[in-house]
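Participant: Give me a 3D structure for the following:
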Amino acid sequence: MIIETEELKIIPLNSKQLLSYTEGNQLEKELRIHEKDRFMSETVKMKILSKILKNINEDEENFYFYTFWIIILKKENEIAGEFCFKGKPTNGRVEIGYATFPKFHNRGIKSKSIEKIIEWVFINTEITNIIAETDSENLSSIQVLKKNKFKLFQSQANNFIWMRTK
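Facilitator: Residues are numbered from 1 along each chain as shown. As a prediction, this is how the structure comes out:
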């Protein structure tokens with residue numbers, strides 16, 4: 001399954017691809033896309049290897065709720081960012097996370113990616129609410145969520161929790 005726009009390809013990584021994603025530029029080589037200096041922290045790598053891959057293998061039918069999705073900018077043929085669900089939905093609600101790499105900031109990639117993923121979620125699943133958490137000072141992320149019709153749901157010390165309803 002691939003979600004596409006004119007400019008983007010959004011691909012959920014299967015377990016083999018996700019493992020390759022933790023190994024430097026291995027995934028880029030396999031997908032024949034431009035290699036770059038992509039950094040993955042040891043914490044993220046260990047979480048993938050110890051938890052995420054296990055979840056994917058135990059629930060292959062719903063792997064897209066556990067895995068990383070890569071956002072490829074077609075024109076550059078390069079990974080511009082990542083997206084993930086933070087586990088399977090509970091009571092019709094799922095949480096998301098997303099990022100673009102610094103080289104691709106301020107180009108509308110996050111907004112367009114989130115827009116297409118929301119569209120896919122509401123058409124293809126029983127999910128009725130999507131949650132996203134942001135740092136209260138992360139104005140870029142706040143703008144992305146507002147642009148995609150998320151409403152402030154809860155405010156905590158330095159965090160905002162946003163919700164988009166079907």
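Participant: How far off centre is the helix or strand of the chain with the lowest mean pLDDT?
Facilitator: Least confident helix or strand of the chain, by mean pLDDT, DSSP states H and E, is helix 42-47 with a mean of 92. Distance, stretch centre to chain centre, for helix 42-47: 16 Å (Cα atoms, centre = their mean, to the nearest Å).
Participant: Alpha carbons of that helix, as CSV, please.
Facilitator: C-alpha atoms of helix 42-47 as CSV (Å, rounded to 0.1, in the frame of the first residue of the first chain):
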residue,chain,number,x,y,z
GLU,A,42,20.2,4.6,19.4
THR,A,43,17.0,5.0,21.5
VAL,A,44,14.8,4.9,18.4
LYS,A,45,16.8,2.0,16.9
MET,A,46,16.5,0.0,20.1
LYS,A,47,12.7,0.7,20.3
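Participant: Now do the very next helix or strand once past that helix: distance to the chain's middle.
Facilitator: Elements were assigned by DSSP states H and E; along the chain past helix 42-47, the next helix or strand is helix 53-58. Averaging C-alpha positions (Cα atoms, centre = their mean) puts helix 53-58 17 Å from its chain's average.
Participant: now for helix 53-58, which elements pack on it?
Facilitator: For helix 53-58, the packing partners by 3 or more Cβ pairs under 8 Å, 6 or more residues apart in numbering; DSSP states H and E come out as helix 15-21. Heads up, the C-betas are built off the backbone N, CA and C, glycines and all.
Participant: Enumerate the positions of the helix it packs on that are buried.
Facilitator: Within helix 15-21, the residues scored as buried using 16 or more other Cβ atoms under 10 Å are 15, 17-21.
Participant: got it, and stretch 101-112?
Facilitator: In stretch 101-112, counting by 16+ other Cβ under 10 Å, buried: 101, 104, 109-112.
Participant: Other residues contacting that stretch?
Facilitator: With Cβ atoms under 8 Å, 6 or more residues apart in numbering as the test, stretch 101-112 has contacts from 5, 7-8, 36, 38, 71, 73, 79-81, 98-100, 140-141, 143-144, 147-148.
Participant: Can you tell me which of these are classed as buried?
Facilitator: 7-8, 71, 73, 79-81, 98, 100, 141, 144, 148.
Participant: Of the buried residues of helix 15-21, just say which sits nearest to Asn55.
Facilitator: Comparing these against Asn55 with Cβ to Cβ places Ser15 closest, at 9.7 Å.
Participant: Lys54 is in contact with that closest one, correct?
Facilitator: No: Ser15 sits out of contact with Lys54 when judged by Cβ atoms under 8 Å, with a separation of 9.6 Å.
Participant: Adding pLDDT and distance to Val94, write the buried residues of helix 15-21 out as TSV.
Facilitator: Supplementary listing: those in TSV, determined by pLDDT from 0 to 100; distance: Cβ to Cβ, whole Å:
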residue	pLDDT	distance to Val94
Ser15	95	20
Gln17	96	21
Leu18	95	19
Leu19	94	24
Ser20	94	25
Tyr21	94	21
